[in-house]
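Novice: Generate a structure from the sequence data that follows.
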Amino acid sequence: MLTLLQRLFPTPRLTGLWRHSDFVKLWGSLTITHFGSHITFLALPLTAALMLHASPLELGILTALEALPFPLCGLFAGVLIDRSRKLPVIIWADIGRGLALVVVPVCAWLDVLSMPVLYLAGFLVATGSAIGWPAYQVFMTERVGRENLPEANAKIGISDSAAQLTGPGMAGALIQWLTAPFAILLDAFAFFASAWVLRGIPPAASDAPKATRTRVLHEIRDGLNAVWTNPVLRTLAWALALWQVLRHMFVAVVVLFAARELKFSAGHVGVMFMAAGVGSLAATAVARRCNARFGFGPTMLWAIGGTGVAWLILGLSAGSHLTASTIFGVGMFLLDFSAMTFFINYLTLRQTVTPDHLLGRVTATMIALSVSAAPFGGLAGGWIAEHWGLRAPILIAGIGALALAPLVAWASPLWHMRALEPRRDPTQTESLTEEVPGP
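Specialist: All right, here's what the predicted structure looks like:
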């Protein structure tokens, strides 16, 4: 990987962490898996919808199972990873996710593919993500050093943005060309390639497990207590939990809605999801200016409301192919623009108010709490679509997010938080793609 970069860019251009071989391998592995994940995000529900003729409720169950490992594993992952060697955990998480995905095209080839196979694959892939990402965060921090984390986060942000912008279009084209199950095979190979890249990282003294005499449950309690005693984190925990329920109602039916209700092809669905990537890029460009004009906390609240407006626009997509595509594209742009604006501020706020020695546990705790009810959102989205149509859960999600914004403003100090104290140097790597867990 480093040799390839040296050939692509002359030595004078290879500065900073691009000259750090361990970082290049870690960055390369994360970039590979992020691009591959866009294939599975579209291909799993399209496999269910087009090949297995799944009902909306079955799609809701699939979405719920893809979210379930995060609350199941989240509280334990941060603590247990501190007691393990991180690199083997990351590698085996990649291999495990690759093997889980290989089962889908193999079963399709043998003509034995069924919804339980997709359920199992979705659950196992999400389990690998719930365990592998915290290990990746800690390992990256140990290898590049805290003083290099701002640069590392900036470079990870580039790969996040590139994957969000171009990944869905590539995924849609591959699904239409290869069919959905066999496009998933490419994502499996992406995980295997990531594991192979990571195997080239040599051991170091920092890899040793961080021994502790504290019981696991006591450390989990410390993370929960840190969230509960901080009024901002406590409010954000339940607010994000409610928002994730709404989001998973939407995720459960959006691909089915686009394919069946709007008659979009797989390639067209991929192009529509690229509008979300454009929205994410736009948010990263203007988030700071929004904070300066409207205030740090109010920007977060307006962003929550913006996701509600976006879901309403998406739910109202109709008309000719061009009209429906335009409305759907605008909705996807606004959805990711609003969500990214919120999460950029949320990550900054969480790191600012959390003591350094608790940051790992608070991160894992906040992710677990925020996704704790998400499986119910997937099930609710499927059930509502089954009984009231595919538009209903999307519109309900929009109304719910619009109601959530003023509720959070009333229950938290966010509305009065015009500015935030200068951000401390980061103590771990960040990826917005990983911070919004679930499908």
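Novice: going forward, measure contacts between C-alpha atoms and count neighbours the same way
Specialist: Noted.
Novice: low-confidence ranges in the protein?
Specialist: Scanning the chain for pLDDT under 70 picks out the ranges 1-15, 78-79, 82, 146, 150, 205-216, 219, 356-357, 359-360, 420-439.
Novice: which one's the longest helix in it?
Specialist: helix 321-353 (DSSP state H).
Novice: same for it, what does it pack against?
Specialist: Applying 3 or more CA pairs under 8 Å, 6 or more residues apart in numbering; DSSP states H and E, we find helix 321-353 packed against helix 266-294, helix 296-315, helix 432-435.
Novice: ok now the second one, how far from the chain's centre?
Specialist: Translated: helix 296-315. Offset of helix 296-315 from its chain centre (CA atoms, centre = their mean, to the nearest Å): 18 Å.
Novice: Quick one: list the elements packing against it.
Specialist: By 3+ CA pairs under 8 Å, 6+ apart, helix 296-315 packs against helix 266-294, helix 321-353, helix 391-411.
Novice: how close does residue 153 get to residue 159?
Specialist: In this view, residue 153 and residue 159 are 10 Å apart by CA to CA, to the nearest Å.
Novice: Comparing those two, which residue is more hemmed in?
Specialist: A direct count of neighbours by other CA atoms under 10 Å for residue 153 and residue 159 places residue 159 higher, at 20 against 15.
Novice: buried ones in stretch 53-66?
Specialist: Residues of stretch 53-66 classed as buried: 54-66 (neighbour count, 16 or more other CA atoms under 10 Å).
Novice: For those, could you give me TSV that also reports distance to residue 295?
Specialist: Output for the buried residues of stretch 53-66, formatted as TSV (distance: CA to CA, whole Å):
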residue	distance to residue 295
54	45
55	44
56	40
57	41
58	42
59	39
60	37
61	39
62	39
63	35
64	35
65	37
66	35
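Novice: Mind listing residues that contact stretch 29-48?
Specialist: For stretch 29-48, contacts defined as CA atoms under 8 Å, 6 or more residues apart in numbering pick out 54, 59, 115, 118, 122, 156, 159-160, 163, 167-168, 170-172, 174-175, 180-181, 183-184, 186-188, 190-191, 193-195, 197-198, 255-256, 266, 270, 433, 439.
Novice: Quick one: work out the angle between the helix or strand where residue 188 lies and helix 266-294.
Specialist: In this assignment (DSSP states H and E), residue 188 forms part of helix 180-199. Between helix 180-199 and helix 266-294, the angle comes out at 60 degrees (axes from the mean of the first three to the mean of the last three CA atoms, to 10 degrees).
Novice: list the helices and strands the next helix or strand after helix 180-199 packs on?
Specialist: Next helix or strand after helix 180-199 toward the C-terminus (DSSP H and E): helix 216-228. If you count contacts as 3+ CA pairs under 8 Å, 6+ apart, helix 216-228 packs onto helix 69-82, helix 231-256, helix 359-370.
Novice: which helices and strands sit right next to the first one?
Specialist: Spelled out, it's helix 69-82. So helix 69-82, by 3+ CA pairs under 8 Å, 6+ apart, packs with helix 115-144, helix 216-228, helix 359-370.
Novice: Single out the most deeply packed of the helices and strands packed on helix 321-353.
Specialist: helix 296-315 (a mean of 25; mean count of other CA atoms under 10 Å).
Novice: Would you confirm that residue 99 contacts residue 189?
Specialist: No - counting by CA atoms under 8 Å, residue 99 sits too far from residue 189 to count as a contact (9.2 Å).
Novice: Can you give me every residue that contacts residue 294?
Specialist: Applying CA under 8 Å, 6+ apart, we find residue 294 in contact with residue 418.
Novice: Now mean neighbour count and distance to residue 107 too, for the helices and strands packed on helix 216-228, in a markdown table please.
Specialist: Below are the helices and strands packed on helix 216-228 laid out as a markdown table (neighbours: other CA atoms under 10 Å; distance: least, CA to CA, whole Å):
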| stretch | mean neighbour count | distance to residue 107 |
| --- | --- | --- |
| helix 69-82 | 22 | 24 |
| helix 231-256 | 24 | 22 |
| helix 359-370 | 24 | 32 |
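Novice: Adding distance to residue 45, write those out as CSV.
Specialist: CSV is the format used below for the helices and strands packed on helix 216-228 (distance: least, CA to CA, whole Å):
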stretch, distance to residue 45
helix 69-82, 18
helix 231-256, 7
helix 359-370, 23
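Novice: ok now the longest helix of the chain, how far from the chain's centre?
Specialist: With CA atoms, centre = their mean, you get 13 Å for helix 321-353.
Novice: For it, list every residue counted as buried.
Specialist: Buried, per 16+ other CA under 10 Å, within helix 321-353: 324-346, 349-353.
Novice: Can you report how many residues neighbour residue 83?
Specialist: For residue 83, the count of nearby residues is 14 (other CA under 10 Å).
Novice: separation between it and residue 341?
Specialist: From residue 83 over to residue 341 the distance is 34 Å, taken as CA to CA.
Novice: Residue 57 now?
Specialist: 31 Å.
Novice: So which of the buried residues of stretch 53-66 sit within strands?
Specialist: Among the buried residues of stretch 53-66, DSSP state E puts none in strands.
Novice: Just the closest of those residues to residue 362, please.
Specialist: residue 66 (22.4 Å; CA to CA).
Novice: where's the closest one relative to residue 169, distance?
Specialist: 22 Å.
Novice: what's the answer for residue 269, then?
Specialist: Using CA to CA, residue 269 is found at 8 Å from residue 169.
Novice: and if you look at residue 36?
Specialist: When residue 36 is compared with residue 169 (using CA to CA), they lie 12 Å apart.
Novice: just residue 367 next, same as before
Specialist: Here the distance between residue 367 and residue 169 works out to 28 Å (CA to CA).
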